[in-house]
Structure formats: C-alpha cells, structure tokens
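Take a look and give me a structure for this.
(one chain, ligands or ions: 1)
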Amino acid sequence: MKKLTSFAFLLSILMSLTLISCSPSEEDTGGAGIGIPQHTKKLVMATNAEFPPFEFKAEDGSYQGIDVEIMQAICKATGRELVVEDIAFDSIIPAVTSGKADCGVAGMTITEDRLRNVDFTMPYYEAFQVIVVPKDSAIQGTDDLKGKRIGVQIGTTGDTLASDIEGVSMNRFSKGADAIVALTQNKVDAVVIDNEPAKAFVAKNADKLVILSEPLTKESYAMAVKKGNNELLSLLNTQIERMMNDGTMASIRAKYEGAAE
Ligand code: ARG
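Numbering: from 1, shown residues only. Okay, here's the model as predicted:
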C-alpha cells in the first residue's frame with residue numbers, strides 16, 4: 001500500500017513537471033501534449049490562396065507562391081512545420097485575432113484600419129493597385145472610373161479604394177480571378193487589384209485585357225500577428241531581415257515574378 005502511494009505521488013510530480021515544461025510554448029503552436037512524444041512546433045499561416053504569384057494552389061493541390069516559400073524558409077530556419085490555412089481573405093485577420101492561426105500572410109497591405117486589430121511585421125514587399133480594363137476600353141485612368149461598374153476582391157485595399165470613387169457600382173468577388181472573368185464577360189467595366197496578381201491574371205487573357213500604366217497607390221505587404229504576440233513578431237522580423245540581406249527574398253521573388261510574362 002505504501003509503495004503504491006509513493007508511486008502515485010511520484011507520478012503526480014512527474015505530471016505537473018511535464019505540464020510546466022510544456023505550457024509556455026504550447027499556446028500558439030500546438031506542440032506536443034502530455035505523453036505524446038515531442039514533435040516539431042507548427043506555425044499556422046492563414047492565407048487566401050487565390051492571389052498568384054504570392055499564394056495559389058498548384059495543380060497537384062500543393063500551396064505555392066512567394067509568401068508560401070518565404071514562410072517555408074522561415075520555418076526551416078527556426079525548426080517549425082508550416083501549416084497553410086486557406087480561407088477567405090476577409091477571414092484572415094479574424095483567424096489571427098482569435099488565435100486560430102499564428103499569422104496572416106497573404107500579400108496583405110499594412111493599413112491603419114488593420115493596425116487597430118493586428119500587429120504587422122516590417123514590410124517585405126512594395127506593391128500598388130492597378131486598373132485592369134478590356135483592350136478597347138475608354139477608361140484611361142482613375143478619373144474615368146467615376147460611375148462605372150468595378151470588380152474587386154472583397155475586403156482588399158482595392159475594394160476600399162474603388163468604393164471611395166464617386167458613383168461607382170461595386171461588384172465584390174470572393175476571388176480576384178472571378179472579378180477578371182466578369183471583366184472578360186463585360187459584366188464589370190474595370191477591375192482594381194494588386195499589380196503582380198493583375199499581371200498573372202491578365203497574362204491568361206492577353207488577347208482581351210490590359211493593365212493601365214498609372215498606379216493607384218503605393219502599399220507595403222507585411223505579415224499580421226495577434227496584437228501583443230511579440231515573440232512571434234520579433235522572430236518573423238528577424239527572419240525577414242535576414243532573408244532580405246542574404247538574398248533569399250530576391251531569389252524567391254525572381255522565381256515567381258515575371259513567370260506570367
Ligand atoms: N494587398 C491587398 C490587401 O491587402 C490584397 C491582398 C489579397 N490577398 C490574397 N491572398 N487574396 O488588401
């Protein structure tokens with residue numbers, strides 16, 4: 001009986017020790033639980049894989065693109081396993097704030113509005129919005145968009161920007177590609193979208209569509225983390241900086257940019 005009691009005592013100490021040693025790193029990573037052998041920490045990246053060349057689903061079902069490779073490189077360097085959560089673009093920030101995902105990486109522009117809900121890393125990409133129109137369109141620039149039917153991906157900066165133009169009728173799509181299809185079918189007059197995806201989408205419709213040369217905005221892409229998650233924020237910043245300096249970023253970009261041209 002005595003033996004049994006001391007054994008139980010020992011067991012309870014062991015269990016509480018395991019609990020203590022696991023808990024700090026557990027929260028956001030879904031690492032090893034009690035009794036389960038320790039395995040690689042997971043890093044969950046929420047994205048919307050409808051945004052080539054930053055994130056898209058390849059024919060074999062795998063996720064590819066600049067953002068995906070950046071995150072793979074970060075995970076490799078920090079001993080993590082990347083998990084890609086492919087969700088609606090306007091669900092990414094809620095996924096990050098609720099802790100369902102560790103970070104949002106989706107060619108996401110830093111905006112004042114978003115900064116109220118999440119923290120952003122340093123910028124890793126400079127982008128801009130462009131106007132895509134049919135080849136024979138009379139629309140030559142922003143001024144001509146007044147009162148027109150405009151297609152955008154819902155919840156994007158293109159959506160915000162276009163919605164502010166006088167008299168427009170907004171057509172909000174869950175995917176940028178669907179806005180482009182609507183444009184080829186004459187259901188909208190113009191699409192406002194980020195420059196690199198615009199190139200990728202227009203390349204598939206090179207006989208019908210053009211990108212106007214005048215850029216609408218200057219924007220910076222960064223990764224979003226839950227407010228106050230300074231540990232992850234500084235890990236990501238350190239890695240972004242490293243990859244900007246050692247050429248990793250440039251080679252990832254080179255692999256995808258221009259691929260559509
Ligand atoms: N840069 C734009 C924004 O932040 C569009 C991003 C869309 N990204 C995506 N993965 N669908 O609003």
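
which helices and strands sit right next to the strand or helix carrying residue 94?
For residue 94, the host element (DSSP states H and E) is helix 92-97. Counting contacts by 3 or more Cβ pairs under 8 Å, 6 or more residues apart in numbering; DSSP states H and E, helix 92-97 is packed against strand 41-47, strand 103-104, strand 118-120, strand 224-226. Yep, even glycine has a C-beta here, placed from its N, CA and C like the rest.

is residue 150 in a bridge, and if so with what?
Beta bridges link residue 150 to residue 170, residue 190, judged by DSSP bridges.

For it, grab the count of nearby residues.
26 (other Cβ atoms under 10 Å).

I'd guessed it sits against residue 167; true?
No. With contacts counted by Cβ atoms under 8 Å, residue 150 stays clear of residue 167, the gap being 10.5 Å.

if I've got this straight, residue 235 is in a helix?
Yes. Residue 235 forms part of a helix when assessed by DSSP: H, G, I helix; E, B strand; the rest coil.

is it true that it touches residue 80?
No. With contact defined as Cβ under 8 Å, residue 235 does not count as touching residue 80 (9.2 Å).

what residues does the chain put near the ligand?
47-48, 50-51, 55, 89, 106-109, 153, 156-157, 194 (Cβ under 6 Å from any ligand atom).

Most neighbours among the residues you listed, which one?
residue 108 (30 neighbours).

For this structure, just list every one of the helices.
2-26, 66-78, 92-97, 112-115, 157-163, 176-184, 195-203, 230-245, 248-256 (DSSP state H).

Thank you kindly, that will do.
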